[in-house]
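> Curious how this folds, go ahead:
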Amino acid sequence: EEEDEREGLLRYHREAAAGGEEPSWILKSSAGGKGEGITISRDPQELLSAVDASERDTAWVVSRYLERPMLFAGRKFDLRCWVLLDPSYGCFLFGEGVLRTSSFRYDASDLSNQLQHLTNHCVQATAAEFGSHEEGNEVSFAEMERYMQRECGGKTFFADILPQLKSICALSLEAGRERMEGTQGSSLSQFQLFGFDFMIDH
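Got it, this is the predicted structure:
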């Protein structure tokens with residue numbers, strides 16, 4: 001018999017706790033945007049209660065929270081890349097993406113301040129500290145390259161990170177190719193632009 005997804009989450013959490021871990025979880029609505037409706041908690045029951053209390057008619061996704069992300073100057077960030085898909089299904093990564101940074105130093109033990117954890121511009125722009133470290137809380141790929149050359153023991157952005165981003169973008173689009181081409185009313189006889197967001201784990 002297939003395990004209920006809720007029971008699966010609670011069972012996994014119990015097993016992790018029994019093994020000495022204290023996992024954190026992040027809840028997102030599939031219909032959400034701009035960082036809305038996101039909950040981070042070490043209590044999976046809190047997330048299930050948030051789903052039950054919501055009036056949104058949507059699917060929800062719970063995933064284990066990335067507790068040891070790579071940091072930029074002690075602060076969390078995500079990477080936004082832009083990919084162009086041409087009519088022949090060729091994909092091209094735009095040369096300049098951006099890191100979107102938090103305004104606050106990262107502390108994995110403190111889940112109360114979501115501004116440490118959610119790097120979405122719409123969330124960060126609510127803080128008085130927005131833009132105090134970088135203009136618009138944005139860092140270029142070139143600046144990230146210089147930072148990694150200084151701080152990452154020989155690992156660099158252009159040699160070690162960017163090739164992985166390119167591969168993931170290409171594989172993601174290829175994985176969805178049959179569905180995209182088979183969608184009724186869709187037309188790939190045009191250019192399409194996709195935004196991909198990444199985080200880097202230790």
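> Kindly list the longest strand within the protein.
strand 75-85 (DSSP state E).
> Beyond that one, next helix or strand please.
strand 91-93 (DSSP states H and E).
> Quick check: neighbours of that following strand in the sheet, parallel or antiparallel?
strand 75-85 (antiparallel) (DSSP bridges).
> Off-centre distance for the longest strand of the chain?
9 Å (Cα atoms, centre = their mean, to the nearest Å).
> avg pLDDT for that strand?
Averaging pLDDT along strand 75-85 gives 96.
> Pull that strand out as CSV, backbone CA atoms only.
Provided in CSV are the C-alpha atoms of strand 75-85 (Å, rounded to 0.1, in the frame of the first residue of the first chain):
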residue,chain,number,x,y,z
ARG,A,75,25.2,36.0,3.7
LYS,A,76,23.0,33.6,1.8
PHE,A,77,22.3,34.0,-1.9
ASP,A,78,20.7,32.4,-4.8
LEU,A,79,21.7,32.4,-8.5
ARG,A,80,19.4,33.5,-11.3
CYS,A,81,20.3,32.4,-14.8
TRP,A,82,18.4,33.2,-18.0
VAL,A,83,18.1,30.6,-20.8
LEU,A,84,16.9,31.2,-24.3
LEU,A,85,15.1,28.3,-26.1
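> which outside residues touch it?
Contacts of strand 75-85 with the rest of the structure, by Cβ atoms under 8 Å, 6 or more residues apart in numbering, involve 69-71, 91-94, 97-106, 116-117, 119, 133, 139, 165, 169, 173, 188, 191-200. For every residue, glycine as well, the C-beta is placed using N, CA and C.
> Next, the buried residues of it.
75, 76, 77, 78, 79, 80, 81, 82, 83, 85 (16 or more other Cβ atoms under 10 Å).
> Kindly report the same for stretch 41-56.
Result for stretch 41-56 [16+ other Cβ under 10 Å]: buried residues 41, 44, 47, 48, 50, 51.
> Mind listing residues that contact it?
Residues contacting stretch 41-56 (Cβ under 8 Å, 6+ apart): 6, 9-10, 13, 22-25, 27, 29, 31, 37, 39, 60, 62, 111.
> Okay, strands next: where are they in this protein?
Using DSSP E, the strands of the chain run over 25-29, 39-41, 60-64, 71-72, 75-85, 91-93, 98-105, 138-140, 192-198.
> With distance to residue 180 as added columns, please give these in TSV.
Shown next, in TSV, are those (distance: least, Cβ to Cβ, whole Å):
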stretch	distance to residue 180
strand 25-29	23
strand 39-41	31
strand 60-64	21
strand 71-72	34
strand 75-85	9
strand 91-93	12
strand 98-105	26
strand 138-140	30
strand 192-198	9
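> how far away is residue 156 from residue 31?
38 Å (Cβ to Cβ, to the nearest Å).
> Which residue ranges of this protein form helices?
5-18, 44-53, 121-124, 141-151, 162-175, 177-182 (DSSP state H).
> deepest of those, which one?
Ranked by mean neighbour count, the helices of the chain are led by helix 121-124 with a mean of 16 (mean count of other Cβ atoms under 10 Å).
> hmm, back to that, could you flag which of the contacts of strand 75-85 are buried?
69-71, 91, 93, 97-104, 106, 116-117, 119, 133, 139, 165, 169, 173, 192, 196, 198, 200.
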